[in-house]
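Novice: With the input below, show me the fold.
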Amino acid sequence: MTLRQDILAFKLPAGALLAEAAVARQLNVSRVPVREALFALEREGLVEFSESGRAYVRTLRPEDFEELFVLRLALEPVGARMASPRLKKDSRQLEANIAATKLAKSPKELTQLDLDFHEAILAASGNRRLASLWKSLRYELELWLAMLRAHQQQTKRARDVAVGSHEKILRCMREQSPAAVERLMRRHILSWRKWLAAAEPRVALPNPPDKNTTEGERS
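Specialist: Down below sits the predicted model:
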């Protein structure tokens with residue numbers, strides 16, 4: 001979906017108006033698929049609608065991160081424990097992901113591979129609802145991580161941290177109990193929260209536009 005890609009690549013900034021007619025002309029489609037796409041992006045947490053029904057690129061706030069953090073902490077440790085026996089027998093997907101992560105050149109590529117690693121673990125849990133719940137958070141997580149990493153401009157350091165953490169998780173799956181894997185994943189997600197606490201004060205999160213004023217000016 002082009003709109004999703006443009007939002008995740010920051011080509012459409014937070015607070016940008018997504019007028020159906022204008023987007024339809026740009027994509028050379030009717031307004032119906034554009035409207036459906038906007039509703040899908042709203043479900044993914046990338047678009048929000050004002051009271052008047054206008055669509056905007058969602059502005060992520062620190063409280064959004066807190067909610068995502070709580071959900072990751074609830075889902076991922078138990079998912080890792082459940083997936084551990086399967087991944088102990090066949091870890092080729094995780095190995096390939098780590099190898100690709102070592103070669104990541106941009107914050108966007110690094111973020112996608114980082115989340116692919118976690119999604120693969122949840123998918124291997126054997127619990128479809130658990131994996132589905134996590135996947136519903138994926139694009140909000142991708143937007144947050146890419147935004148912070150792009151701001152920090154430390155792709156190599158971020159890549160080294162991700163690779164080191166993921167190698168440790170994989171090694172734990174191979175050598176220790178599922179309960180140990182669960183504890184390690186919990187510590188991993190907690191470190192993610194600490195990383196934001198250090199990074200977020202230096203990130204200039206854009207203020208959402210006054211939608212009532214904006215719409216009045218555009219009407």
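Novice: Give me the distance from the one helix or strand residue 139 maps to to the chain's centre.
Specialist: Per DSSP states H and E, residue 139 falls inside helix 138-152. Relative to its chain's centre, helix 138-152 lies at 7 Å (Cα atoms, centre = their mean, to the nearest Å).
Novice: for stretch 86-100, same thing?
Specialist: 21 Å.
Novice: Which positions within it qualify as buried?
Specialist: Residues 87-88, 91, 94, 97-98 are the ones in stretch 86-100 that count as buried (16 or more other Cβ atoms under 10 Å). In short, each C-beta sits where N, CA and C put it, glycine included.
Novice: tell me which of these is nearest to residue 138?
Specialist: residue 97 (14.9 Å; Cβ to Cβ).
Novice: Tell me the secondary structure at the closest one.
Specialist: Under DSSP: H, G, I helix; E, B strand; the rest coil, residue 97 falls in the helix class.
Novice: gap between it and residue 134?
Specialist: Using Cβ to Cβ, to the nearest Å, we find residue 97 at a distance of 16 Å from residue 134.
Novice: re the thing from before, what's whichever helix or strand comes after the helix holding residue 139 in contact with?
Specialist: Using DSSP H and E, the helix or strand that directly follows helix 138-152 along the chain is helix 155-175. The contact list for helix 155-175 (Cβ atoms under 8 Å, 6 or more residues apart in numbering) reads 80, 83-84, 87-88, 91, 94-95, 97-98, 101-102, 104-107, 110, 113-114, 117, 121, 149, 152, 180-181, 184-185, 188, 191.
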